[in-house]
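A.B. asks: predicted structure and sequence below. I'll ask about it afterward.
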Amino acid sequence: GGAPGAPPPMIGPLPLSAATGNTGGKGKYRPRMGDSQARPKFDPVFQLLATLVFGYKSPSGSTGSPHLTAPGDDLSALDTEMLTCTPFFSFILKELTSFDKARALRPLVAHIVWDHEAVSEGLVKQLGDTMSKSFHEDLKLIFRAASLLVNVHDGLRATRVDGLITAILDAMASSQKYYYETSRSASLLVRLAMHNDVVLSWAAANADKLEWLENWIAENPTAPSAYPPIGTTPKVELQRPRRYMSSQMDYPTPRNLKENLARLRAGEALERDDSSYDSDDDPDTLVGKRIEVRWKGNKWFPGVVAAYIPETGEHHVEYEDGDKKMYRMSEKRFKIIGEAGDADSIPGADGGAAGNPAGNGDAGDAAGDDALFDNDVDMGDPPGVAPDPA
């Protein structure tokens, strides 16, 4: 606002344009935040918030939270309202973009939820409502949030798990017309059970609630066409309608999903390839593994995961030919083929393109969660030949 050429309005000592990044493109004030800053890192904010909150009783008034650092006073009514409101948890949900972020937020969420029936019921309902409207690429965040709630070991845990898995299944049932959303959710539900025995036990006790899902997966083994013939109304569509539809986001159903759903209903151990890596596994478990990474021309090159850097979420990979790279492994196609020091585990260890190790299947099977559903993208030239475009 204001007359042309007039100074911008002030907020304290800073002009409004400095606070908002609105510079008019002239660079006179603080420049507009670019892509590298479009999503600020809130980790220090959450660390500070947790330090403050852990000095008080949980919002329920309970002193049973293992994260309570002192006898503590009761939180004020305003503080309790802010910590338990829907917008705050919606914000937390959007921050669950990696295993490290989820791990960092777990104590704070547990302390807030601890023995609080109303908050637990509200969060379960919020997750169910959000999931029923979510696109397939957003479901991972919801299941990470579900894992946080499942791992609150208070007196309400069993009730919370029952309500949570029921809400998830209800949301899946409401979206079963959409292949990507339903198959993706089924895969993530199986993985939630892999990481949490309490979910596996719940499934065995409520096998009837999972029967429709097992049947759905059996009836829809492959993705339908993104563009069905004109005049037809398919029973199952590729994905939830949106402004821009794409046929390129091909998330294949894991080949053992139907069998794992049957095991889930029976309360049996779920099948998982020991050489696989799930993006919700502890990233440190990948350190020391011998892997093969796919490069341009569908060639595979062996190396060792030397370290994990939590600050960047990247793994340091040292190739057999001496090349060294930093990768976000969830964005790469790779195979886990053994442990460091096991030279016999690397086919093509002379530095040439390695073959497909027996028993590991294709890259999608071995790479785990996000890589499993990755697109077939150009991975660049082989190590020692040209820089990796990633």
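C.D. replies: Sure, I can see it. Numbers count the residues shown, from 1 in each chain.
A.B. asks: count of residues packed around E292?
C.D. replies: 29 (other Cβ atoms under 10 Å). All C-beta atoms are positioned from the backbone trio N, CA, C, and that covers glycine.
A.B. asks: helix or strand for it, which one?
C.D. replies: When elements are assigned from DSSP states H and E, E292 belongs to strand 289-295.
A.B. asks: what lines up beside that strand in the sheet?
C.D. replies: When pairing is defined by DSSP bridges, strand 289-295 lines up against strand 299-309 (antiparallel), strand 334-339 (antiparallel).
A.B. asks: buried sites along the first one?
C.D. replies: By neighbour count, and taking 16 or more other Cβ atoms under 10 Å as the criterion, the buried residues in strand 299-309 are 299-305, 308.
A.B. asks: which among those gets closest to K101?
C.D. replies: Nearest to K101 among those, counting by Cβ to Cβ, is Y308 at 14.5 Å.
A.B. asks: hang on, isn't that closest one packed against V317?
C.D. replies: No. Y308 lies out of contact with V317 (Cβ atoms under 8 Å); the separation is 10.6 Å.
A.B. asks: what about the helices in the stretch 1-150 of the chain?
C.D. replies: Under the criterion DSSP state H, counting those that start in this stretch, helices of the stretch 1-150 of the chain are mapped to 16-20, 43-53, 77-84, 86-95, 99-113, 117-131, 139-150.
A.B. asks: for P254, which of the ones you listed is the nearest?
C.D. replies: helix 139-150 (14.6 Å).
A.B. asks: K332 touches E292, doesn't it?
C.D. replies: No. Applying Cβ under 8 Å, one finds K332 not in contact with E292, separated by 10.7 Å.
A.B. asks: save the helices of the stretch 1-150 of the chain as CSV, and put in mean neighbour count and mean pLDDT too.
C.D. replies: What follows is these, written out as CSV (neighbours: other Cβ atoms under 10 Å; pLDDT from 0 to 100):
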stretch, mean neighbour count, mean pLDDT
helix 16-20, 16, 37
helix 43-53, 13, 91
helix 77-84, 14, 93
helix 86-95, 15, 92
helix 99-113, 20, 93
helix 117-131, 19, 96
helix 139-150, 22, 95
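A.B. asks: among those helices, which is nearest I336?
C.D. replies: Distances from I336 to each of those were compared using Cβ to Cβ; the shortest belongs to helix 99-113, at 16.6 Å.
A.B. asks: so how far is the closest one from its chain's centroid?
C.D. replies: How far helix 99-113 lies from its chain's middle: 14 Å, per Cα atoms, centre = their mean, to the nearest Å.
A.B. asks: equivalent analysis for stretch 129-138, please.
C.D. replies: 13 Å.
A.B. asks: distance between the ends of it?
C.D. replies: Across stretch 129-138, the terminal residues are separated by 13 Å (Cα to Cα, to the nearest Å).
A.B. asks: same question, stretch 165-182
C.D. replies: Length of stretch 165-182, first residue to last, Cα to Cα: 15 Å.
A.B. asks: picking that back up, want to try TSV for the helices of the stretch 1-150 of the chain, with distance to L238 as columns?
C.D. replies: Conversion of the helices of the stretch 1-150 of the chain to TSV gives the following (distance: least, Cβ to Cβ, whole Å):
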stretch	distance to L238
helix 16-20	40
helix 43-53	36
helix 77-84	38
helix 86-95	25
helix 99-113	29
helix 117-131	19
helix 139-150	15
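A.B. asks: of these, which is nearest I337?
C.D. replies: Using Cβ to Cβ as the measure, helix 99-113 is the one of the helices of the stretch 1-150 of the chain that comes nearest I337, at 22.3 Å.
A.B. asks: determine the set of other helices and strands touching the closest one.
C.D. replies: Applying 3 or more Cβ pairs under 8 Å, 6 or more residues apart in numbering; DSSP states H and E, one finds that helix 99-113 makes contact with helix 43-53, helix 86-95, helix 117-131, helix 139-150.
A.B. asks: need the residues that contact the longest one.
C.D. replies: Defining contact as Cβ atoms under 8 Å, 6 or more residues apart in numbering, one finds that helix 117-131 is touched by 59-60, 84, 86, 89-90, 93, 112-113, 139, 142, 145-146, 149, 156, 159-160, 163-164, 167-168, 170-172, 185.
A.B. asks: and the angle from that helix to helix 77-84?
C.D. replies: Regarding helix 117-131 and helix 77-84, their directions subtend 40 degrees when assessed with axes from the mean of the first three to the mean of the last three Cα atoms, to 10 degrees.
A.B. asks: and helix 117-131 with helix 99-113, angle?
C.D. replies: Using the same axes, to 10 degrees, the interaxial angle of helix 117-131 with respect to helix 99-113 works out to 140 degrees.
A.B. asks: remind me which residues of the stretch 151-300 of the chain are low pLDDT?
C.D. replies: 243-253, 273-279 (pLDDT under 70).
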